[in-house]
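Chemist: Coordinates for the following, if possible.
(chains A and B)
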Number of protein chains: 2
Amino acid sequence: MTVIERLKIDLGNDTGEIILGRDILKDLSSFCNLNRKVLVVTDSGVPAEYAEPVLAQCAEGHIIVLPSGEQHKTLATWQTVLEKMLELGFSRKDLVIALGGGMIGDLAGFAAASFMRGVDFINIPTTTLSQIDSSIGGKTAVDLNGVKNIVGAFWQPKLTCIDFELLASLPRREFNSGLVEAIKAGLIADAALFERFETLNVADIEIKLPELISAAIKVKQKVVEADEKEAGLRQILNFGHSLGHGIESYYQLNELLHGEAVGIGMLLITEDEKLRKRIENVLLKFDLPVTAVYDKDAVFELVCHDKKAAANTINLIKVEVPGKAEIVKTPIEEIRRYL
Amino acid sequence: MTVIERLKIDLGNDTGEIILGRDILKDLSSFCNLNRKVLVVTDSGVPAEYAEPVLAQCAEGHIIVLPSGEQHKTLATWQTVLEKMLELGFSRKDLVIALGGGMIGDLAGFAAASFMRGVDFINIPTTTLSQIDSSIGGKTAVDLNGVKNIVGAFWQPKLTCIDFELLASLPRREFNSGLVEAIKAGLIADAALFERFETLNVADIEIKLPELISAAIKVKQKVVEADEKEAGLRQILNFGHSLGHGIESYYQLNELLHGEAVGIGMLLITEDEKLRKRIENVLLKFDLPVTAVYDKDAVFELVCHDKKAAANTINLIKVEVPGKAEIVKTPIEEIRRYL
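Modeler: As a prediction, this is how the structure comes out:
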């Protein structure tokens, strides 16, 4: 085991820890109490051997393997997790561990948040996307009737384990797609991070990954500590997401990966041509798409339907200079001109 | 409108208000912002005219009428509320109002807690049970596979409206059953309240109700402010409930009312014969049952299954002297001797 960094996330009543390193899983019990009932929630896309060292350390370890894919991020799948907990006689003192990508973290996190009104939760993200973004900040949710993340809770993990070894099996396209959230973190709050992506030699990505992910996590951590419940500042994390979600939904969540859609969303919302070109260059470096074909009216409708749209206005996140984001209250009709 | 009392509930980040009075509903907008989308959640057992004055004050008022009865307190019913909110284009700034008994408050509260990870919630309880107990303290939940309140959230209402006029249509049996939670409040933390029940002339219940309910609410408020998340002290509110829930479940939630089962639960757990007799006299005064026929093994199993049972021990709440409760960690097997 190599521990690279340990971060505390401090939210008043709630605190959690984030550990970054390699081969952490086999020593997980040195960071948290596994001497209780533990349910590991994972999916069929996660290598089966990832769960083994975790289960081996639990006093009473159980596993549930869900079908893989965003289309299963539903109340029905979430209910199967709750039923499993019920069947195992889970109490308030027991523990849920998510082992997988963002879908697993969000869904298992919401199960932990709502079973008996909340049990302990540990998140072990296995994709770049979830290591950089979705595992940090305590947002949990599932989709309902095709609307993303519309039902959920704020529920902070006691521990988030960022183990870079777990990325080894990730397909390259998915690996690259997840990096978009780190590029975004740089754009909204850390110019040096964005510039590191600009100067990065793609062949070095594996070596540079820990410091890039660490910097991106710190951006998110700072924002979440200042505004856990997304009353204001936290919205800047949605840079590229309002339009990105619309385009992602347009493809029914199965053509574009989330990060790919967010990348396109960032380009669409960026008005300064020079900056747009710089973002485009970084995306292209990782073979990420920079355009998508879609029906403008349909995407507009999906954006309106999206949960970030309140009444007749939408809070758009704009970046004019890398490292600085602005929240701009915009009449919803104006979205059309970005599409 | 007559406002009898206004209480603030203070939970650090979360604050809420409780208003006790008569005919409050037609002036609801003077206590909260109804100038937004509002979904009134009610059930077929609640007089239709209760909702009318509320809807009349809303900028955009909608109503969903759920089937009445504890058997509908399910994830499926909860989902229909979420789908209604989705269909109405609810945003984070909109409002859910529960208008009904405990089932409606718990279910609508959980919908408010989880839609977009939380929207504003107002609770207007229409039964003695919900006015005295379930509407206070921010516990929301639904049942799953017959296990009561196993999935939910802590979600404090911004406003709880205790309007005694709404009790007018309540059947006597249900009215009396709800009083058990006030008797319980006296037993665990307010000896004077319990004694008021002992000396009360039943014919005066209508007149005395506001002060009895007010005293009971203050007991609960104090306990919840000290321990919102039920880490310790809040458990005393479960006096009579561990066994009561077991017996209630044994009858599949359709023979005994909740308060009736709790009353029997309080008697079963009380070992001092003199105190048991005093409790029995109060229950009998309100025509409440003091015994039930059940299979001991079956109830024992149900108690073990109940969410208050952690591992091999259970925290039983004991009262030896009215006004003082103790939490006694008990081996689960010992439950049998109380049954």
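Chemist: Can you tell me what sits against stretch A:127-136?
Modeler: Stretch A:127-136 has contacts (Cβ atoms under 8 Å, 6 or more residues apart in numbering or on different chains) with A:9, A:18, A:100-102, A:104-106, A:123, A:125, A:157, A:160, A:162, A:164, A:167, A:170, A:174-179, A:181-182, A:185, A:213, A:216-217, A:220-221, A:224, A:257-259. In this view, the C-beta of every residue, glycine as well, is placed from N, C-alpha and C.
Chemist: Counting only helices, which of the residues you listed make the cut?
Modeler: A:102, A:104-106, A:174-179, A:181-182, A:185, A:213, A:216-217, A:220-221, A:224, A:258-259 (DSSP state H).
Chemist: Residue numbers of the stretch 51-200 of chain A in contact with chain B?
Modeler: A:75, A:79, A:82-83, A:86, A:89, A:91-93, A:113-118, A:139-141, A:144-145, A:147, A:150-154 (Cβ under 8 Å from any Cβ of the partner chain).
Chemist: mind redoing it with 7 Å?
Modeler: Within the stretch 51-200 of chain A, the positions lying close to chain B (Cβ under 7 Å from any Cβ of the partner chain) are A:75, A:79, A:82-83, A:86, A:91-93, A:114-117, A:139, A:141, A:144-145, A:147, A:150-154.
Chemist: out of those residues, which are buried?
Modeler: A:75, A:79, A:82, A:86, A:91-92, A:114-117, A:139, A:141, A:144, A:147, A:150-154 (16 or more other Cβ atoms under 10 Å in any protein chain shown).
Chemist: Quick one: residues contacting residue A:141.
Modeler: When contacts are counted by Cβ atoms under 7 Å, 6 or more residues apart in numbering or on different chains, residue A:141 touches A:106, A:110, A:149, A:151, A:152, B:117.
Chemist: Run the angle between the helix or strand containing the fourth one and strand B:147-154 for me.
Modeler: Element membership for residue A:151 (DSSP states H and E) is strand A:147-154. Relative orientation of strand A:147-154 and strand B:147-154, computed by axes from the mean of the first three to the mean of the last three Cα atoms, to 10 degrees: 90 degrees.
Chemist: Do I have it right that residue A:286 meets residue A:180?
Modeler: No - counting by Cβ atoms under 7 Å, residue A:286 stays clear of residue A:180, with 8.2 Å between them.
Chemist: Show me the helices in chain A, by range?
Modeler: Counting by DSSP H, the helices of chain A are A:51-57, A:75-87, A:102-114, A:128-129, A:172-189, A:191-199, A:205-226, A:241-250, A:258-269, A:273-285, A:296-305.
Chemist: and the ones you listed as CSV, adding mean pLDDT?
Modeler: Output for these, formatted as CSV (pLDDT from 0 to 100):
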stretch, mean pLDDT
helix A:51-57, 97
helix A:75-87, 97
helix A:102-114, 98
helix A:128-129, 97
helix A:172-189, 97
helix A:191-199, 98
helix A:205-226, 95
helix A:241-250, 90
helix A:258-269, 96
helix A:273-285, 98
helix A:296-305, 89
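Chemist: of all the ones you listed, which lies closest to residue A:314?
Modeler: helix A:241-250 (6.3 Å; Cβ to Cβ).
Chemist: Just give me the residue closest to the centre of chain A.
Modeler: residue A:134 (1.9 Å; Cα atoms, centre = their mean).
Chemist: Can you check the pLDDT for it?
Modeler: Note on residue A:134: pLDDT of 94.
Chemist: How many neighbouring residues does residue A:59 have?
Modeler: 11 (other Cβ atoms under 10 Å in any protein chain shown).
Chemist: coming back round to it: what sits up against the strand holding residue A:151?
Modeler: Contacts of strand A:147-154 with the rest of the structure, by Cβ under 7 Å, 6+ apart, involve A:75, A:106, A:110, A:113-114, A:138-144, A:228-229, A:245, A:249, A:305, A:307, B:82, B:86, B:114-117, B:153.
Chemist: Could you rerun that using 6 Å?
Modeler: A:110, A:113, A:138, A:140, A:141, A:142, A:144, A:307, B:82, B:114, B:117 (Cβ atoms under 6 Å, 6 or more residues apart in numbering or on different chains).
Chemist: wait, the third one sits on residue A:156?
Modeler: Yes - Residue A:138 is in contact with residue A:156 according to Cβ atoms under 6 Å; the separation is 3.9 Å.
Chemist: I figured residue A:63 was touching residue A:40, is that so?
Modeler: Yes - using Cβ under 6 Å, residue A:63 is in contact with residue A:40, at 4.5 Å.
Chemist: Now do residue A:178 against chain B, distance only.
Modeler: 23 Å (Cβ to the nearest Cβ, to the nearest Å).
Chemist: what's near enough to touch that residue?
Modeler: Neighbouring residues of residue A:178 by Cβ under 6 Å, 6+ apart: A:127, A:128, A:129, A:132, A:259.
Chemist: List only those of the residues you listed flagged as buried.
Modeler: Among these, those buried by neighbour count (16+ other Cβ under 10 Å) are A:127, A:128, A:129, A:132, A:259.
Chemist: what's around residue A:123, how many residues?
Modeler: Residues near residue A:123, counting by other Cβ under 10 Å: 31.
Chemist: Kindly state the beta-bridge partners for it.
Modeler: For residue A:123, the beta-bridge partners under DSSP bridges are residue A:98, residue A:160.
Chemist: Provide the count of other residues in contact range of residue A:232.
Modeler: Neighbour number of residue A:232 under other Cβ under 10 Å is 11.
Chemist: what's the closest non-adjacent residue to it?
Modeler: In space, residue A:232 comes closest to residue A:327 once its chain neighbours are excluded; the distance is 7.3 Å by Cβ to Cβ, 6 or more residues apart in numbering or on different chains.
Chemist: Quick check: bridge partners of the one you found?
Modeler: Beta-bridge partners for residue A:327, by DSSP bridges, are residue A:317.
Chemist: Need the contacts of strand A:147-154 in a markdown table (columns: distance to residue B:272).
Modeler: As requested, the contacts of strand A:147-154 are exported to a markdown table (distance: Cβ to Cβ, whole Å):
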| residue | distance to residue B:272 |
| --- | --- |
| A:110 | 45 |
| A:113 | 41 |
| A:138 | 46 |
| A:140 | 46 |
| A:141 | 50 |
| A:142 | 49 |
| A:144 | 52 |
| A:307 | 55 |
| B:82 | 47 |
| B:114 | 43 |
| B:117 | 47 |
